[in-house]
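**Student:** what shape does this take:
(one chain, ligands or ions: 1)
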Amino acid sequence: MIDFKQVHKAYRVGGRSVPALQPTDLQIDRGEVFGIVGHSGAGKSTLLRLINRLEEPSGGSIVIDGEDVTQLDPKGLRAFRRQVGMIFQHFNLLSSKTVADNVALPLKLAGELSRAEINTRVAELLVRVGLTEHANKYPAQLSGGQKQRVGIARALSTNPKVLLCDEATSALDPQTTASVLQLLAQINRELNLTIVLITHEMDVVRRVCDRVAVMDAGVIVELGAVTEVFLHPQHPTTRRFVMEDEQIDEGIQRDDYAHVEGRILRLTFTGDATYAPLLGSVARETGVDYSILAGRIDRIKDTPYGQLTLALTGGDIDAALACFTRADVHMEVLR
Ligand SMILES: Nc1ncnc2c1ncn2[C@@H]1O[C@H](COP(=O)(O)OP(=O)(O)OP(=O)(O)O)[C@@H](O)[C@H]1O
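**Tutor:** Okay, here's the model as predicted:
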């Protein structure tokens, strides 16, 4: 669907070249929700804006649905941009236009539908985002979440194949964030729309994304299914993101570990294994005692998972480790 081949980008600043994206290969599949996470300056916006050519690449090719979009002339580019909707952190609505007129704007600019057809389409879109009653209000009369819903309806108006989300929930409170992410997930399911979102919050990735790329200094340092990347992060940048998300303080963690004896391990349960009463049976079978140093039960998109950090003492620890290895659980020995 979206295919980056050796795409790179450097900005020119005062005669100097500032690299923002190192040569990158990336494939995003049709119908997936693809997250790009990274700290400020990592190159997320640059990568996202290359997809609809709001930024011009310094080199490489970007093929979308079989078409090399780096080769488009201005007319081709205008037509292509109608197939790629975009929503923004600060919504970018026109304050002098009503909700309905904001949503209608791209359709009016495209000039392909009659006024009656545009009205019908706008009404459908407002139902989809739950804003029918607010059609005649102005943006200033709406909450942040409602403004973003207008942004989403506007982005969907031209029936795009791809929706780009630029920190779309960063200006919203946690509850509103959850409802906007739910709406994006529903749109993805119902329209099979490919969604690419950038964020600096792992929690956003956890809630809606299928796959995620982690960026650091213009490079994708880790890429994979969200469950894999979350539960078994490999790169130090990814590990830091996951620890931040789980609100783990490395110093406190070290202190906790120093206070306990024996082996320390982390068990990760996914799917149905999350609910299995494994610990008690292993303790009974092998005579080990365990203390729980940290624990969490949560969901990654629709997959439940549990993660426990344990200290094992007494009994037959090797036999306990063997039991965990045989069980439907991922085990990491931390000490
Ligand atoms: N228009 C520009 N001109 C010059 N340098 C730029 C421009 N846009 C971005 N950069 C630089 O490119 C690098 C990547 O920036 P980018 O905005 O893509 O990162 P980001 O991960 O999206 O960060 P943020 O979350 O802060 O938006 C940074 O060093 C930034 O300063």
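**Student:** in the stretch 51-200 of the chain, which residue sits nearest the ligand?
**Tutor:** H200 (5.8 Å; CB to the nearest ligand atom). No exception for glycine: its C-beta is placed from N, CA and C like everyone else's.
**Student:** need the nearest residue in space to that residue, chain neighbours excluded.
**Tutor:** H39 (6.2 Å; CB to CB, 6 or more residues apart in numbering).
**Student:** right, and the one you found touches D216 too?
**Tutor:** Yes. At 7.5 Å, H39 and D216 qualify as touching, with contact defined as CB atoms under 8 Å.
**Student:** joint contacts of those two?
**Tutor:** T237 (CB atoms under 8 Å, 6 or more residues apart in numbering).
**Student:** neighbour count: those two, which is higher?
**Tutor:** D216 (20 against 15; other CB atoms under 10 Å).
**Student:** next, count neighbours for M243.
**Tutor:** Residues within reach of M243, counting by other CB under 10 Å, total 15.
**Student:** just R266 next, same as before
**Tutor:** For R266, the neighbour count with other CB under 10 Å is 16.
**Student:** from the chain's centre, how far out does the helix or strand hosting it sit?
**Tutor:** Assessed by DSSP states H and E, R266 sits inside strand 263-270. Using CA atoms, centre = their mean, to the nearest Å, the mean C-alpha position of strand 263-270 is found 25 Å from that of the whole chain.
**Student:** centre of the chain to the least confident helix or strand in the chain by mean pLDDT, how far?
**Tutor:** Lowest on mean pLDDT, DSSP states H and E among the helices and strands of the chain sits helix 250-258, with a mean of 80. Put simply, helix 250-258 sits 30 Å off its chain's centre (CA atoms, centre = their mean).
**Student:** what's across from S17 in the sheet?
**Tutor:** For S17, the residues forming beta bridges with it (DSSP bridges) are R12.
**Student:** count the neighbours of it for me.
**Tutor:** Neighbours of S17 (other CB under 10 Å): 10.
**Student:** repeat for D272
**Tutor:** Look at D272: counted by other CB under 10 Å, it has 9 neighbours.
**Student:** which neighbouring elements make contact with the least confident helix or strand of the chain?
**Tutor:** Contact analysis of helix 250-258 by 3 or more CB pairs under 8 Å, 6 or more residues apart in numbering; DSSP states H and E lists strand 289-300 as its packing neighbours.
**Student:** can you do 10 Å?
**Tutor:** Where contact means 3 or more CB pairs under 10 Å, 6 or more residues apart in numbering; DSSP states H and E, helix 250-258 is packed against helix 236-245, strand 289-300, strand 303-313.
**Student:** want to throw these into JSON lines with mean pLDDT and distance to the ligand?
**Tutor:** Conversion of those to JSON lines gives the following (pLDDT from 0 to 100; distance: least, CB to the nearest ligand atom, whole Å):
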{"stretch": "helix 236-245", "mean pLDDT": "89", "distance to the ligand": "12"}
{"stretch": "strand 289-300", "mean pLDDT": "88", "distance to the ligand": "23"}
{"stretch": "strand 303-313", "mean pLDDT": "89", "distance to the ligand": "27"}
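**Student:** Three-state assignment for F91, please.
**Tutor:** When classified by DSSP: H, G, I helix; E, B strand; the rest coil, F91 comes out as coil.
**Student:** that one: what's it in contact with?
**Tutor:** By CB atoms under 10 Å, 6 or more residues apart in numbering, the residues touching F91 are 102, 139, 142, 144, 146-152, 154, 168, 171.
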